[in-house]
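>>> Structure for this input, please:
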Amino acid sequence: MPSASEMIVQTLEEAGIEYVFGIPGGGTGQIFQVLETKQDRIKTILVRHEQVAAIMADAYGRAAGKPAAIMGQGLFMGSNAAFGIMESMLSSSPMLVITDTSDGGAAQRPANQSGAGEYGSIDLQSMFKAMTKYTTLATDPKEAVLGAQMAIKHAVSGRPGPATLLMRSAAISGQVDLESPPFIHNASGFLNTVKPARHQLT
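This is a model prediction of the structure:
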């Protein structure tokens, strides 16, 4: 069975996401490792600060009309990247936010770095809901892959904007059972949304 990280990257590739900006941290390090093998298809650009990643993705979304992804550890994406995410929301530029709750897993972290929302930790889901048009919380590997597909759809459908895939540690590190429902379908064409011609808007 493929890992959730492999399937998430496959989803990005199928959907036509060309750029990922970010800093490996928390569980997202596993996804960055898979991206390293896909540099011919998806360009990964590492930054020194999460705010830079979000601003780069916002600018790309405005120029290209399709989303780039930003990725990093939960709390730092919810705080440091917030300015660029909010700018994307207010300016209607598509963006995909991929992050985790850093709630445990292979590398234990102190509660002050957890975004699970329990006592002593920050509620990242509420933070992202406040500044994106769509936020989903994945608790298992298949939810993570389906959540990536839904986030891409929401980022480009209707009025474009940022959409977040927030994952528990177990969702990132687990394997995806492709033989049982709900089934995962190919994400090709998710970004092929027809935009109205400018002359039709006036």
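
>>> Give me the buried positions along stretch 31-46.
Within stretch 31-46, the residues that count as buried by 16 or more other C-beta atoms under 10 Å are 31-32, 34-35, 38, 42, 44. C-beta coordinates here come from the backbone N, C-alpha and C atoms, glycine included.

>>> Break down the protein into its helices, ranges please.
With DSSP state H as the criterion, the chain has helices at 4-15, 28-35, 50-64, 74-79, 82-91, 124-131, 141-156, 169-173, 198-201.

>>> circling back: among the buried residues of stretch 31-46, which has the minimum pLDDT value?
For the buried residues of stretch 31-46, the weakest pLDDT value sits at Lys38, with 93.

>>> contacting residues for that one?
When contacts are counted by C-beta atoms under 8 Å, 6 or more residues apart in numbering, Lys38 touches 9, 13.

>>> Of the buried residues of stretch 31-46, which is the nearest to Val9?
Of all these, Val9 sits closest to Val34, with 4.5 Å by C-beta to C-beta.

>>> tell me which helix or strand of this structure sits lowest on mean pLDDT?
Within the chain, no helix or strand scores below helix 198-201, which has a mean of 56 by mean pLDDT, DSSP states H and E.

>>> Specify the beta-bridge partners of Met167.
Beta-bridge pairing for Met167 (DSSP bridges): Asp100, Ala138.

>>> was I right about it contacting Lys142?
No. In this structure Met167 lies outside contact range of Lys142 using C-beta atoms under 8 Å: 11.5 Å.

>>> Compare the helices of the chain and say which comes out lowest on pLDDT.
Among these, helix 198-201 scores lowest, with a mean of 56.

>>> end to end, how far does stretch 70-82 reach?
The straight-line separation of the ends of stretch 70-82 (C-alpha to C-alpha, to the nearest Å) is 11 Å.

>>> Pull the residues that contact that stretch.
With C-beta under 8 Å, 6+ apart as the test, stretch 70-82 has contacts from 20-28, 31-32, 49-51, 53-54, 56-57, 84-85, 95-102, 113-115, 122, 124, 127-128, 131, 166.

>>> one more time with 6 Å
By C-beta atoms under 6 Å, 6 or more residues apart in numbering, the surrounding residues in contact with stretch 70-82 are 20-23, 25-26, 28, 50-51, 53-54, 57, 97-102, 113, 115, 122, 124, 127.

>>> For Pro67, give me its contacts.
61, 94-96, 155 are the contacts of Pro67 under C-beta under 6 Å, 6+ apart.

>>> middle-most residue in the chain, spatially?
Ile98 (2.3 Å; C-alpha atoms, centre = their mean).

>>> Quick check: it touching Leu165?
Yes. With contact defined as C-beta atoms under 6 Å, Ile98 counts as touching Leu165 (5.0 Å).

>>> that older thread, quick one: contacts for the residue nearest to the centre of the chain?
Residues near Ile98 by C-beta under 6 Å, 6+ apart: 69, 71, 165.
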